[in-house]
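Chemist: Model the following, please.
(chains A and B)
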Amino acid sequence: MTATKVYVPRETSAVSVGADEVAVAIAREAKQSGTSIELIRNGSWGATWLEPLVEVEVDGARIAYGNVSEEDVPAMFAAGLLEGGEHKRRLGPIMEVGYLIRQDRWTCWRCGLIDPLSLQDFRLHQGFNALEKAFAEGPDAVLDSVTESGLRGRGGAGFPTGIKWRTVAETDADQKYIACNADEGDSGTFSDRMLMEGDPLGLIESMAIAGYAVGASKGYIYLRSEYPLTYAILTRALETARDSGWLGDNIQGSGFDFDIELHLGAGSYVCGEETAMLESLEGKKGIVRYKPPLPAHEGLFGKPTVVNNVITLASVPNIVNLGGERYAGMGVNRSKGTLAFQLAGNIKRGGLVEKSFGVTLRELIDDWGGGTASGRPVKAVQVGGPLGAYIPAAQLDTPLDYEAFVDIGAMIGHGGIVVFDDTADMAQQARFAMEFCAIESCGKCTPCRIGSTRGVEVIDRMIAGEKREENYDLLVELCDTMEDASLCAMGGMTPYPVRSVLKHFAEDFASSGGDR
Amino acid sequence: MTAHSIDKATTSDIVGQFGARPELLVQVLQTIVSRYGWVSETTIRQLATELNLSRADVHGVVNYYHDFRTEPPGRHIVKICQAEACQAMGSRALTDHARESLGASLHETSDDVTLEPVYCLGNCACAPAVMVNGKTYGRVDQDRFDALIGSMKEAASDGN
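Modeler: This next block holds a predicted model:
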């Protein structure tokens, strides 16, 4: 009899709520009952609210059990877990879980599905097919597909990826680089992490394709230090790729050389800004550079560099496999394709939802998220991390579209959606925006370095009821200065959340609980 | 994790692992701090010499990044996420509870436990999130926090 396959995610969120303990308990029960199982530590499907989510393969279907605890395991075995037996935790076949089947999984489709560290499983699921296709068709064909796809940078800025890649490809240099930005610092975002933990070989393939397309032989992944499990998984995936000839010299006999170095950040938010990241990759303080020159012309160590976010890169293999036109056929207006949205904060069913652009905030929050975790009404939603505006409940019908968000003074950023219920004190959230900027500012430009601290002080005075109107005007003026005169998005966009609170939740300054 | 000062030979070993490449300074420091918890002035001088950088360069980098402590932390490091997704799920109250129960404010050490803020652990769908000695925990309410601290201390005394 062959061993029954049992899947228990080895992914930060699942592990943070007990997946390791569940895996140990399952192995122990199987041993005690004398049954043979193959325990696979997959990535997460992204239905984080159901973690730890266990699956058992029965007659080719994977039967899911949600919110499994270590204590549940003996009873689940008694109920016939390995045959997909009935139990209060049983959800049914994973492919019928509504949260997952209604998505458009273009980029994160292997997450949860495969064993992230098995080259064989990766190859069985189209792994490295796109790189082989790229080798067969040549760099120009890749550049054409990426341009045609309309893919824009998923890190936040939304710059067209095809233009960036072509710029690097057309710049002459003895050395070029691919720098993958995995410094996912925005609160409410975790799609990079889930992709790297659930499909690390997919990222490696994506970077190799980028390198091949632009003529770069070396790649870097800049991973934030807050992700230790991701680091361990990526390290092993890189070894696997090297050992099997998918990284290194003359990859699979193609004549193309490419290798990747994994670097850790050190707890600086601003290192997610591309030029600060390049400084940090050079071993320096993560201080923002003036632009121009653009990194595509003079990037890492002064060489032409593609700087792309994890999700941007990971969207490419399917663009190569299925064609740019297919990707461009999804989404709305100039927001083509899909984005891996992340539902977080005060939400009943938090997790990753990859959907075509055009879906509304309300659909994501209600249909997928099930409303707030507290059951109270939604008061505000912060989209796009700490530099994103707080959107009031009245604007939840805004479609997720880069330009539609700009129109309401907001941004999509990296697609993090953080929900707050009606107990939230928005004056404190405005204060935090300034405080966070003061903590994380790299200090190079004055509006950001000094303005953020002054911002906290002004907001404190408003909360204390001191000359509220005068301080209101002063805060607006300070926001203008920071927005107009800061060097990068840190100081330049910190005013977004602050202004949104002034605009939609001004009454909270009067009712705020005060400084803490 | 221990708060012992790192010795000269170990520093040299770590520099060697990174091929004494000055552009890997952040990686060298990250390795030192993850193993020893902090970077001493002596280590800064040694790194400057061995990586052929100025002391000011190394000092600047050490001071710039939140991860690089210049004082030894406690034996245990507890980080509580202070960012928005966790705020929406009560991280401010959890932090107050931690301050009270541990007897330490943020950035302080009490009874060998160092309490630190962290701005996002990427566990935002399981907020509030906490990191205890390098391991991330989710859905941490006050009771779960107390239980985590309890088992952290228990594990430490078992280890002795």
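
Chemist: got the domain boundaries for chain B?
Modeler: B:8-64, B:76-159 (automatic domain parsing).

Chemist: TSV for the ones you listed, including distance to A:Gly272 and mean neighbour count?
Modeler: Every residue, glycine included, has its C-beta placed from N, CA and C. Shown next, in TSV, are the domains of chain B (distance: least, Cβ to Cβ, whole Å; neighbours: other Cβ atoms under 10 Å in any protein chain shown):
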stretch	distance to A:Gly272	mean neighbour count
domain B:8-64	15	17
domain B:76-159	11	20
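
Chemist: A:Ile114 - nearest residue in space that isn't next to it in sequence?
Modeler: Closest residue to A:Ile114 apart from its sequence neighbours, by Cβ to Cβ, 6 or more residues apart in numbering or on different chains: A:Asp121 at 4.5 Å.

Chemist: Please name every helix or strand in contact with the helix or strand where that neighbour lies.
Modeler: Here A:Asp121 is covered by helix A:119-124, with elements defined by DSSP states H and E. Other elements packing on helix A:119-124 under the criterion 3 or more Cβ pairs under 8 Å, 6 or more residues apart in numbering or on different chains; DSSP states H and E are helix A:200-214.

Chemist: which residues sit in contact with residue 114?
Modeler: By default, I'm working from chain A. For A:Ile114, the contact set (Cβ atoms under 8 Å, 6 or more residues apart in numbering or on different chains) comprises A:Asn42, A:Gly43, A:Asp121, A:Phe122, A:Leu124, A:His125, A:Gly198, A:Asp199.

Chemist: Chain B is the one I meant
Modeler: B:Pro73, B:Gly74, B:His76, B:Ile77, B:Val78, B:Ala104, B:Glu108.

Chemist: make it 7 Å
Modeler: B:Pro73, B:Gly74, B:His76, B:Ile77, B:Val78 (Cβ atoms under 7 Å, 6 or more residues apart in numbering or on different chains).

Chemist: JSON lines for the residues you listed, including pLDDT?
Modeler: Shown next, in JSON lines, are these (pLDDT from 0 to 100):
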{"residue": "B:Pro73", "pLDDT": "96"}
{"residue": "B:Gly74", "pLDDT": "96"}
{"residue": "B:His76", "pLDDT": "97"}
{"residue": "B:Ile77", "pLDDT": "97"}
{"residue": "B:Val78", "pLDDT": "98"}
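
Chemist: which one among those residues gets closest to B:Met152?
Modeler: Closest approach between the contacts of B:Thr114 and B:Met152, by Cβ to Cβ: B:His76, at 5.7 Å.

Chemist: Could you check what's spatially nearest to whichever residue of chain B sits closest to chain A, not counting adjacent residues?
Modeler: The nearest approach of chain B to chain A comes at B:Ala125, 3.0 Å away (Cβ to the nearest Cβ). Nearest in space to B:Ala125, with sequence neighbours left out and distances taken as Cβ to Cβ, 6+ apart, is A:Gly350 at 3.0 Å.

Chemist: so the one you found makes contact with B:Gly138?
Modeler: No. Judged on Cβ atoms under 7 Å, A:Gly350 makes no contact with B:Gly138 at a distance of 10.0 Å.

Chemist: where does chain B come near chain A, residue by residue?
Modeler: Proximity of chain B to chain A (Cβ under 7 Å from any Cβ of the partner chain) is limited to residues B:22-27, B:30, B:60-61, B:64-68, B:83-85, B:88-89, B:92, B:118-127, B:129, B:134, B:136-139.

Chemist: what about the spatially closest residue to B:Met131 that is not a sequence neighbour, is that helix, strand or coil?
Modeler: In space, and not counting its chain neighbours, B:Met131 is closest to B:Lys79: 4.2 Å by Cβ to Cβ, 6+ apart. At B:Lys79 the chain is in strand, as set by DSSP: H, G, I helix; E, B strand; the rest coil.

Chemist: Just the pLDDT at the closest residue to chain B within the stretch 101-250 of chain A, thanks.
Modeler: Using Cβ to the nearest Cβ, the closest approach of the stretch 101-250 of chain A to chain B is made by A:Ser187 at 3.4 Å. Here the pLDDT value assigned to A:Ser187 is 96.

Chemist: Would you point out which residue is most central in chain A?
Modeler: A:Ser191 (2.8 Å; Cα atoms, centre = their mean).

Chemist: which residues of chain B fall in helices?
Modeler: B:8-17, B:25-36, B:41-50, B:55-64, B:84-87, B:91-102, B:142-159 (DSSP state H).

Chemist: Pipe the ones you listed into CSV and attach mean pLDDT per row.
Modeler: Shown next, in CSV, are the helices of chain B (pLDDT from 0 to 100):
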stretch, mean pLDDT
helix B:8-17, 96
helix B:25-36, 96
helix B:41-50, 97
helix B:55-64, 97
helix B:84-87, 98
helix B:91-102, 98
helix B:142-159, 92
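
Chemist: Looking at the domains of chain B, which is nearest to A:Ala276?
Modeler: For A:Ala276, the closest of the domains of chain B is domain B:8-64, at 10.3 Å, according to Cβ to Cβ.

Chemist: Run the chain-centre distance for that closest one.
Modeler: What separates the centre of domain B:8-64 from the centre of its chain is 17 Å, taken as Cα atoms, centre = their mean, to the nearest Å.

Chemist: Ok, stretch A:376-391 next?
Modeler: Centroid separation for stretch A:376-391 versus its chain: 17 Å, with Cα atoms, centre = their mean.

Chemist: I'd like the average pLDDT over it.
Modeler: If you average the pLDDT over stretch A:376-391, you get 97.

Chemist: Repeat that for stretch A:424-435.
Modeler: Mean pLDDT, computed over stretch A:424-435, is 98.

Chemist: Kindly report the same for stretch A:244-258.
Modeler: pLDDT averaged over stretch A:244-258 gives 98.

Chemist: From start to finish, how long is it in a straight line?
Modeler: Across stretch A:244-258, the terminal residues are separated by 13 Å (Cα to Cα, to the nearest Å).

Chemist: wait, what's in contact with the residue nearest to B:Met131?
Modeler: Contacts of B:Lys79 by Cβ under 7 Å, 6+ apart are B:Glu116, B:Pro117, B:Val118, B:Val130, B:Met131.

Chemist: quick one: contacts for the residue lying farthest from the centre of chain B?
Modeler: For chain B, the largest distance from the centre (Cα atoms, centre = their mean) belongs to B:Asn52, which lies 26.9 Å off. By Cβ under 7 Å, 6+ apart, the residues touching B:Asn52 are B:Pro22.

Chemist: repeat for A:Gly331
Modeler: With contact taken as Cβ under 7 Å, 6+ apart, A:Gly331 is in contact with A:Gly337, A:Ser356, A:Phe357, A:Gly358.

Chemist: will you turn those residues into a markdown table that also has distance to chain B and neighbour count?
Modeler: What follows is those, written out as a markdown table (distance: Cβ to the nearest Cβ, whole Å; neighbours: other Cβ atoms under 10 Å in any protein chain shown):
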| residue | distance to chain B | neighbour count |
| --- | --- | --- |
| A:Gly337 | 23 | 25 |
| A:Ser356 | 21 | 19 |
| A:Phe357 | 21 | 24 |
| A:Gly358 | 23 | 15 |
